[in-house]
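**Q** Provided below for reference: sequence and predicted model.
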Amino acid sequence: MCLAIPVLIKSIEDKEAEVEIGGVTCRISLWLTPEARVGDYALVHTGYAINILNQEEAEETLRLFEEIAEAEEKG
């Protein structure tokens, strides 16, 4: 199974972006999403942004991930 997660783009330099999720920052490739801009949410898989999401979609997905993590802790 593959998993892609939404991350917030904080800065862009050439074809790479610094992104943040859950207080953690890392660098990803923007080669597949040249339309990405600072402030966008990107859907990331294996270090590559594969799509740009609107803020509502990204926040809903992140909320669902949090619910899954909370359920796992209880289980």
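**A** Received, thanks.

**Q** the longest strand in the protein is where?
**A** If you go by DSSP state E, the chain has its longest strand at strand 5-13.

**Q** List the buried residues for that one?
**A** The neighbour-count criterion (16 or more other CB atoms under 10 Å) identifies 6-9 as the buried residues of strand 5-13. Where you see a C-beta, it was placed from the backbone N, CA and C, and this is true even at glycine.

**Q** which element follows that strand toward the C-terminus?
**A** Going down the chain from strand 5-13, the next helix or strand is strand 16-21, by DSSP states H and E.

**Q** for that next one, the distance to its chain's centre please.
**A** With CA atoms, centre = their mean, to the nearest Å as the basis, strand 16-21 stands 8 Å off its chain's centre.

**Q** in its sheet, what does that strand sit against?
**A** In the sheet, strand 16-21 lines up against strand 5-13 (antiparallel), strand 24-29 (antiparallel) (DSSP bridges).

**Q** can those strands go into CSV with extra columns for distance to Ala58 and mean pLDDT?
**A** What follows is these, written out as CSV (distance: least, CB to CB, whole Å; pLDDT from 0 to 100):
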stretch, distance to Ala58, mean pLDDT
strand 5-13, 4, 97
strand 24-29, 14, 96
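
**Q** Figure out which of those is closest to Ala42.
**A** strand 5-13 (5.7 Å; CB to CB).

**Q** which other residues reach the closest one?
**A** 17-21, 25, 28, 30, 36-44, 49, 53, 57-58, 61-62, 65 (CB atoms under 8 Å, 6 or more residues apart in numbering).

**Q** Now intersect those with the strands, please.
**A** 17-21, 25, 28, 41-44, 49, 53.

**Q** Show me which of the residues you listed is closest to Gly75.
**A** Closest to Gly75, out of all of those and judged by CB to CB, is Ile21, at 23.0 Å.

**Q** which residues touch the closest one?
**A** 5-8, 62.

**Q** switch the cut-off to 6 Å
**A** Val7 (CB atoms under 6 Å, 6 or more residues apart in numbering).

**Q** Report the backbone C-alpha coordinates of the helix or strand bottoming out on mean pLDDT in the chain in PDB.
**A** The helix or strand of the chain with the poorest confidence is helix 55-74; it has a mean of 91 (mean pLDDT, DSSP states H and E). Only the C-alpha atoms of helix 55-74 are listed here, as PDB (Å, rounded to 0.1, in the frame of the first residue of the first chain):
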ATOM      1  CA  GLN A  55      -6.500  24.100   2.100                       C
ATOM      2  CA  GLU A  56      -9.900  22.500   3.000                       C
ATOM      3  CA  GLU A  57      -8.900  19.100   1.500                       C
ATOM      4  CA  ALA A  58      -5.500  19.200   3.200                       C
ATOM      5  CA  GLU A  59      -6.900  20.100   6.600                       C
ATOM      6  CA  GLU A  60      -9.600  17.400   6.400                       C
ATOM      7  CA  THR A  61      -7.000  14.700   5.500                       C
ATOM      8  CA  LEU A  62      -4.700  15.800   8.300                       C
ATOM      9  CA  ARG A  63      -7.700  15.700  10.700                       C
ATOM     10  CA  LEU A  64      -8.500  12.100   9.600                       C
ATOM     11  CA  PHE A  65      -4.800  11.100  10.200                       C
ATOM     12  CA  GLU A  66      -5.000  12.500  13.700                       C
ATOM     13  CA  GLU A  67      -8.200  10.500  14.400                       C
ATOM     14  CA  ILE A  68      -6.500   7.300  13.100                       C
ATOM     15  CA  ALA A  69      -3.500   8.000  15.400                       C
ATOM     16  CA  GLU A  70      -5.700   8.600  18.400                       C
ATOM     17  CA  ALA A  71      -7.600   5.400  17.800                       C
ATOM     18  CA  GLU A  72      -4.400   3.400  17.500                       C
ATOM     19  CA  GLU A  73      -3.200   4.800  20.800                       C
ATOM     20  CA  LYS A  74      -6.400   3.700  22.500                       C
END
